[in-house]
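Novice: structure of the sequence below:
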Amino acid sequence: MAIPVENLSQLSISQLKQLMKVAKLSWVNCIEKRDMVEALEREKSRNIGITVKTPAHELSIRIPRGTTLKALKLRIEALDNLPARMQRISLGTSELLDTDSLLALGISDRSILKLTVRVGQ
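Specialist: Alright, predicted model coming up:
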C-alpha cells in the first residue's frame, strides 16, 4: 500500500522523503518539513497525461497527479461507459488499489496503465 497523500502535513519527514522519492521529486532544497509538504501539494495538483490501455482501445486522459485510482476509474466510466466496479487497473504486473493516488504510486506524465475487465461484477 502506498503512502496516503490526503494529509501531507501529518506525515513524518521520513514518509515525506519516501513519497518525494517515489514521485521523482528532489528534497535537497527543502529546508523544513513545510517545504516538502508545499512541494508535494503543488505536485498533487499538477495535471499529467496518462494512457489507459483497455481491451478494446487506448484512452488518453489528463488528470491531477493527486487523483486516487477510484476517481480515475470513475473518469474512465464516464468516458468509456465501463462501470468502475468492473475495472482492474495495473501498472506492470501489479494491480493497483482504489485508495492509492497516482502521485504515491509514482505515476507521472506519459505513464501507461493497463485496464482489464472483471467478469461477473
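
Novice: need the phi and psi values for residue 113.
Specialist: phi -110, psi 150 (degrees, to the nearest 10).

Novice: what of residue 62?
Specialist: Residue 62 has phi and psi values of phi -100, psi 130 when expressed as degrees, to the nearest 10.

Novice: that one and residue 52 touch, don't they?
Specialist: No. Here residue 62 lies out of contact with residue 52, judged by Cβ atoms under 8 Å, at a distance of 11.8 Å. In short, each C-beta sits where N, CA and C put it, glycine included.

Novice: neighbour count for those two, which is higher?
Specialist: Comparing residue 62 with residue 52 by other Cβ atoms under 10 Å, the one with more neighbours is residue 52, at 22 against 10.

Novice: buried sites along the one helix or strand that one maps to?
Specialist: Secondary structure assigned from DSSP states H and E places residue 52 in strand 47-53. Along strand 47-53, these residues count as buried under the neighbour rule (16 or more other Cβ atoms under 10 Å): 48, 50, 52.

Novice: just the closest of the residues you listed to residue 107, please.
Specialist: Distances from residue 107 to those, taken as Cβ to Cβ, are shortest for residue 50 (6.6 Å).

Novice: which residues does that closest one contact?
Specialist: Residue 50 sits next to 60-61, 63, 102, 107, 109-113 when contact means Cβ atoms under 8 Å, 6 or more residues apart in numbering.
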